[in-house]
Each structure stands twice: as structure tokens, then as C-alpha cells.
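Visitor: heads up, no residue letters with this:
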């Protein structure tokens with residue numbers, strides 16, 4: 001899907017090396033295998049250009065509209081998360097996707113990792129807060145077929161994270177996609 005995501009993002013022919021450089025995950029050999037398979041299936045046009053091959057997405061293919069939808073699947077997940085959280089009675093201070101869902105390298109067995117920060121004045125066992133999180137987990141499972149890996153903490157716990165800097169802080173700062181609230185790097189920046 002990564003190869004198609006790259007190719008559908010341009011009308012300019014790209015070499016296999018260009019595609020490999022632009023994918024979020026995958027090696028040059030795996031990109032080459034994908035390009036060959038996709039060209040055999042007709043989803044990708046290939047033409048020789050000297051010693052290289054140039055690839056373009058075949059927008060005329062019957063499956064092209066479905067590929068377009070699948071290529072935008074993470075953006076659709078982000079939109080649905082924003083809509084769901086927008087209906088919450090207790091708004092989170094922050095909510096973001098992280099892990100494989102944010103990097104785009106997950107599969108059908110991967111959790112959808114969500115980092116959520118509860119407002120300081122809301123206790124962790126607040127029934128309305130718990131119900132919102134449970135509903136969100138159920139919704140994500142229904143939308144994706146993947147379970148949620150929920151990492152929740154209170155606003156007060158953020159200071160501890162900033163101070164202690166466990167490995168998850170670097171991952172969140174580097175890969176997380178903010179859905180609600182400040183960017184993860186800003187939220188977790190603090191002093192070392």
C-alpha cells in the first residue's frame with residue numbers, strides 16, 4: 001500500500017529508487033517486488049527510460065477508486081477520531097496516535113496505539129471518562145478490526161514523564177500524530 005500511496009500522490013513518473021526513498025517503510029528490494037507485482041496487475045504503468053524504469057499509478061484501472069480509498073485510510077481514521085472525541089463531555093487535554101498506526105507500518109495484528117491525557121480535575125475512575133474511553137476503543141475496533149492499545153495518564157503525570165524521559169517519550173515526540181491538543185513534542189518537551 002505504501003508504494004501505491006507514493007505513486008498516487010504524483011502524476012510524474014518515478015524510478016524505483018525514487019519510490020523507495022519516499023515510502024515510510026520498506027527496503028529497496030521490497031519496493032521493487034511491489035512495483036513488479038503492481039505492474040503485473042495493471043495498477044502501475046511501467047516504461048523503460050535508459051537503464052531505469054519509470055512508474056506511474058494507473059488511474060484508469062477499475063480498482064483505482066478502491067486503492068484511493070485505502071491509501072487514505074489513516075486520514076479517515078484521524079477524521080473519525082476527531083469526530084468521536086469532539087462529542088465527548090469530558091475533553092482530553094491531549095490525544096494522539098502513536099506506534100505502528102502513526103508510522104504506517106502496522107498490520108492486521110497490530111494494536112492502534114492511542115496516547116490520551118486526562119484533565120487534572122478528572123479522577124481516573126470517573127465513570128463518564130471511563131465510558132468515553134471504552135466507547136472509543138469499541139469504535140476503533142469496529143472501524144479497523146484492530147484493538148486499541150490505550151496509554152492513559154493524567155495531566156499531572158506529564159511532569160513526571162518530562163523529568164524521567166522513559167523511551168516512550170522519544171517515540172511519542174518523534175512519531176505521534178496529534179488528534180486533539182498540543183503536538184506531542186510540545187506536550188512532552190519540558191526539560192531533560
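Guide: Great, that's in hand. These numbers were taken from a predicted model, which means no experiment stands behind them.

Visitor: and the most centrally placed residue in the chain, how far is that from residue 172?
Guide: Relative to the mean C-alpha position of the chain, the nearest C-alpha, by C-alpha atoms, centre = their mean, is the one of residue 102, at 3.0 Å. Per C-beta to C-beta, to the nearest Å, residue 102 is found 9 Å from residue 172. C-beta coordinates here come from the backbone N, C-alpha and C atoms, glycine included.

Visitor: same deal with residue 160?
Guide: 14 Å.

Visitor: which of the two has more neighbours?
Guide: For residue 160 and residue 172, the more surrounded residue by other C-beta atoms under 10 Å is residue 172, and the numbers stand at 25 against 12.

Visitor: helix or strand: which one has residue 97?
Guide: Under the assignment given by DSSP states H and E, the secondary-structure element containing residue 97 is strand 94-98.

Visitor: cool, and residue 29?
Guide: Residue 29 belongs to helix 28-41 when assigned by DSSP H and E.

Visitor: list the buried ones in that helix?
Guide: For helix 28-41, the buried set under the neighbour-count rule, 16 or more other C-beta atoms under 10 Å, comprises 31, 32, 34, 35, 38, 39.

Visitor: nearest residue to the third one in space, please, no chain neighbours.
Guide: Counting by C-beta to C-beta, 6 or more residues apart in numbering, the nearest residue to residue 34 once its immediate chain neighbours are dropped is residue 3, at 4.4 Å.

Visitor: rewinding a little: list the contacts of the residue nearest to the centre of the chain.
Guide: Neighbour list for residue 102: 96, 113, 175, 176, 177 [criterion: C-beta atoms under 8 Å, 6 or more residues apart in numbering].

Visitor: do the same with residue 187
Guide: For residue 187, the contacting residues are 94, 117, 158, 181, by C-beta under 8 Å, 6+ apart.

Visitor: what do residue 102 and residue 172 both touch?
Guide: Common contact partners of residue 102 and residue 172 (C-beta under 8 Å, 6+ apart): residue 96.

Visitor: domain assignment for this protein?
Guide: Each structural domain of the chain that the record assigns through automatic domain parsing is listed here as a residue range: 2-69, 73-188.

Visitor: using JSON lines, lay out those together with mean pLDDT.
Guide: As requested, the domains of the chain are arranged in JSON lines below (pLDDT from 0 to 100):
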{"stretch": "domain 2-69", "mean pLDDT": "90"}
{"stretch": "domain 73-188", "mean pLDDT": "93"}
